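Enquirer: Sequence and predicted model, in that order:
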Amino acid sequence: MKNIYRLIIFLPFLILGCAPNVVEQNKVIQKIDSLDMNIFSDGGEKIYSITSPNSSYNKSELKFELKNPTINIFKEKKTKYIISSDKSTLSNNNKLLKLKGNVKLKTLEQNEDILYADNFLWNLEETNYILEGNIRFENQNIILNSGKAKLSSNDIIEFFNPVVYIIKDENNENKYEINSENAFYNLQTESVSFKAKNNRVKSTIYF
């Protein structure tokens, strides 16, 4: 009985002793509703903006966790790409952006070029965007499928082997299909180039 009384006396102190640790853990994660954030360069130029209806910030890891984010990437004060996904993370002092699940990258061109992927990676210290998993590029004229793609700052998308290339007809139906190794699509000239590993096979199609 004495042991039971001792346990009852000390139990409140045990509970009080554990409580501060729980509070400190909760302070590490900061919940944010309706996030609307702009990221600027050192010179004051807007690089991109992010909106998310449900997000959190991990203070210990200095990382944002975003649900259903929409990212606008700017060039010369105008929106160049709009990207959305199921979720994303923003880390490394807002310089490393990763998107995962139903990634959709849309250009604001007349042809409405759209890139679909499972994953998207952008390191602001580099000039390329990396997309991986079930890549599908589509506009009014063509469809390109591959497992990986790289979008560079010169508006050229490189599709990595294997590549399936489909041309549409006037009724927006698949006209014919080409299987190839690496393909390059130029968003400005609307041209597709194909290259084999030995660089002997090259072809270009213009629309």
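Expert: Happy to help now that I have it. Keep in mind that what you see is a predicted model, and the values were worked out from it rather than measured. Numbering: from 1, shown residues only.
Enquirer: how close does the closest residue to N58 other than its chain neighbours get to K63?
Expert: Excluding the flanking residues, the one nearest N58 by Cβ to Cβ, 6 or more residues apart in numbering is I29, at 5.9 Å. Yep, even glycine has a C-beta here, placed from its N, CA and C like the rest. Distance of I29 to K63, given as Cβ to Cβ, to the nearest Å: 10 Å.
Enquirer: now P69
Expert: P69 is 14 Å from K63, by Cβ to Cβ.
Enquirer: What of G43?
Expert: Separation of G43 from K63 (Cβ to Cβ): 25 Å.
Enquirer: on that earlier part again, out of P69 and K63, which sits in the busier spot?
Expert: Neighbour totals were compared for P69 and K63, and P69 leads with 25 against 16 (other Cβ atoms under 10 Å).
Enquirer: is it true that that one touches T89?
Expert: No. Here P69 lies out of contact with T89, judged by Cβ atoms under 8 Å, at a distance of 9.7 Å.
Enquirer: which residues of this structure score low on pLDDT?
Expert: 1-26, 109-111, 169-176, 196-207 (pLDDT under 70).
Enquirer: how about the helices in it?
Expert: Here the chain has its helices, by DSSP state H, at 2-28.
Enquirer: hmm, back to that, what's the overlap in contacts for I29 and K63?
Expert: Common neighbours of I29 and K63, using Cβ atoms under 8 Å, 6 or more residues apart in numbering, are Y57.
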